[in-house]
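K.L.:
structure, please.
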Amino acid sequence: MHILIYSYNYHPEPIGIAPLVTELAEGLVKKGHTVRVVTGMPNYPQRRIYEGYRGKLYLTELTNGVAIQRSYVWVRPKPSLLDRLLLETSFVVTSFVHALRGKRPDVIFTTAPPLPVAVPAALLGWIHRTPIVLNLQDILPDAAVHVGLLKNPKLIRIFEALEKFAYRTATKITVIADDFVDHLLKKDVPAQKIVQIPNWVDVNFIRPLPKENNGFRAAHQLTDKFVALYSGNIALTQGLETVIEAATRLLDVPDIAIVIVGEEHALQRLRNYCETCGATNVTLLPLQPRETLPEMLAAADVGLVVQKQNVLCFNMPSKIQVLLASGRALVASVPATGTAARAIQQSGGGIVVPPEDPDALAAKILELYHNPDKVKVLGEKGRQYALENYTFEQALNQYEELFAAIQKP
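P.N.:
Just a heads-up that it's a prediction; the model follows:
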């Protein structure tokens with residue numbers, strides 16, 4: 001098959017949807033398919049165009065067999081709502097010009113967010129008479145409204161219209177969790193359009209490693225510490241202040257260390273918060289190179305998943321699969337009725353505590369500190385669940401079968 005992937009994010013962006021889309025594209029190439037990716041100049045999570053890509057309107061690369069067509073996007077380090085709209089609009093316009101350059105695809109695969117990408121994908125589908133697979137990573141605009149990012153009634157109506165357009169023009173919609181299915185059905189999306197394919201993790205790359213002689217622990221003075229680790233995006237939906245406040249409840253246990261790894265700009269806000277709270281047991285570190293990810297995860301005794309209480313069925317952090325595959329116990333400060341809580345409870349690899357409740361989070365970390373056998377059992381269960389449900393090979397085969405099934409003669 002000739003497969004066109006239309007995604008705002010792609011390698012070398014280290015977190016979010018980019019690593020998943022990259023693995024999917026390269027996995028399809030290894031299975032003998034031709035893959036072309038239409039994407040923007042890399043800028044996430046710093047929201048600055050990466051060195052080597054600045055000042056360019058268009059750029060085409062060939063990486064690991066994937067043809068990557070990059071186009072200019074409007075990016076600002078501290079984006080206002082207008083900046084965000086200009087970013088999405090710029091990508092829609094510039095990427096479509098690039099996307100027209102290339103052989104007719106058999107299938108178009110596009111990811112959302114951002115929702116406006118559905119417009120050029122639909123146009124390409126119409127021009128080439130090609131089926132479209134829309135992959136939903138978040139339910140928008142509901143997510144943006146819930147976290148207060150989108151408040152203007154007119155903009156909300158525009159994004160609701162975009163949402164309906166995206167669902168109507170897609171041949172199939174792939175979702176990453178069962179709650180997403182229920183949500184789409186309530187929005188009158190036909191059940192036959194919806195296919196559930198969870199996000200995946202490379203279980204051969206992300207795997208249990210020993211804590212002993214761990215380079216990450218040694219480099220950051222964590223040897224002999226009980227480490228609770230959060231690594232990933234720091235945005236509106238997380239509320240990492242809860243982790244810092246929980247850390248202050250654990251100051252009298254010097255063997256417990258809290259580590260937060262994220263984008264440097266976001267860390268500065270947390271650094272100020274740590275100073276205000278007196279959280280001297282929190283270590284803040286910039287995002288680590290992807291090749292060191294298994295060792296960093298192995299440095300933890302428990303991995304943290306954090307969401308605010310207003311994040312419910314529209315968000316399923318991909319870090320859950322990664323933490324489970326690493327063989328480390330999870331402590332999740334997330335809504336009890338949400339998608340993340342359900343996934344963690346089903347895995348048997350973690351414990352859920354109420355969101356935005358630092359006392360509950362601190363108490364659970366302390367409980368696991370005193371119970372290493374429970375930590376070990378949770379980690380083993382999580383790893384087993386990841387092997388059974390979240391392997392890349394399973395997801396790749398499902399996508400390949402889906403793409404083959406919907407091709408038009």
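
K.L.:
what segments of the stretch 151-300 of the chain are strands?
P.N.:
172-175, 194-196, 226-231, 256-262, 282-286 (DSSP state E, counting those that start in this stretch).

K.L.:
turn those strands into TSV, columns for distance to N9.
P.N.:
Just so you know, the C-beta spots here come from the backbone N, C-alpha and C atoms, and that holds for glycine as well. Output for those, formatted as TSV (distance: least, C-beta to C-beta, whole Å):
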stretch	distance to N9
strand 172-175	16
strand 194-196	21
strand 226-231	18
strand 256-262	17
strand 282-286	19
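
K.L.:
ok, which of those comes nearest L209?
P.N.:
Of all the strands of the stretch 151-300 of the chain, it is strand 226-231 that lies closest to L209, at 13.5 Å by C-beta to C-beta.

K.L.:
ok, how many other residues are close to T292?
P.N.:
The number of residues packed near T292 is 12, by other C-beta atoms under 10 Å.

K.L.:
any low-confidence regions in the stretch 301-409 of the chain?
P.N.:
311-314, 408-409 (pLDDT under 70).

K.L.:
give me the pLDDT for G148.
P.N.:
The per-residue pLDDT reported for G148 equals 65.

K.L.:
quick check: which element contains V37?
P.N.:
If you go by DSSP states H and E, V37 is part of strand 34-40.

K.L.:
rewinding a little: just send the strands of the stretch 151-300 of the chain back as CSV, with mean neighbour count, mean pLDDT and distance to G303 too.
P.N.:
Listed next are the strands of the stretch 151-300 of the chain as CSV, based on neighbours: other C-beta atoms under 10 Å; pLDDT from 0 to 100; distance: least, C-beta to C-beta, whole Å:
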stretch, mean neighbour count, mean pLDDT, distance to G303
strand 172-175, 22, 97, 24
strand 194-196, 17, 97, 24
strand 226-231, 24, 97, 6
strand 256-262, 23, 97, 10
strand 282-286, 18, 97, 15
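
K.L.:
buried ones in the strand holding V37, by neighbour count?
P.N.:
Buried residues in strand 34-40, defined by neighbour count with 16 or more other C-beta atoms under 10 Å: 34-40.

K.L.:
in the stretch 1-150 of the chain, mark out all the helices, start to finish.
P.N.:
For the stretch 1-150 of the chain, the helices defined by DSSP state H, counting those that start in this stretch cover 18-30, 81-99, 118-128, 142-146.

K.L.:
please list all residues in contact with the residue nearest to F216 when sequence neighbours are not counted.
P.N.:
Using C-beta to C-beta, 6 or more residues apart in numbering and skipping the chain neighbours, the partner closest in space to F216 is A299 (4.1 Å). The neighbourhood of A299, defined by C-beta atoms under 8 Å, 6 or more residues apart in numbering, consists of 211, 214, 216-217, 222, 227, 229, 259.

K.L.:
and the furthest pair within those?
P.N.:
Within the contacts of A299, K211 and V259 form the most distant pair, 13.2 Å apart (C-beta to C-beta).

K.L.:
extract the CA atoms of stretch 165-175 and return them as CSV.
P.N.:
Provided in CSV are the C-alpha atoms of stretch 165-175 (Å, rounded to 0.1, in the frame of the first residue of the first chain):
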residue,chain,number,x,y,z
PHE,A,165,-16.8,17.6,9.9
ALA,A,166,-13.9,15.4,10.9
TYR,A,167,-16.2,12.6,12.0
ARG,A,168,-18.4,12.8,8.9
THR,A,169,-15.6,12.8,6.4
ALA,A,170,-13.5,10.0,8.0
THR,A,171,-14.0,6.5,6.6
LYS,A,172,-13.0,5.0,10.0
ILE,A,173,-12.2,6.6,13.3
THR,A,174,-9.7,4.8,15.5
VAL,A,175,-9.8,5.5,19.2
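
K.L.:
contacts for it next, please.
P.N.:
For stretch 165-175, using C-beta under 8 Å, 6+ apart, the contacting residues are 112, 115, 118-119, 121-122, 125, 131-136, 181, 184, 187, 189, 193-197, 399, 402, 406.

K.L.:
hang on, the earlier thing: out of the strands of the stretch 151-300 of the chain, the one nearest Y50 is which?
P.N.:
strand 282-286 (15.0 Å).
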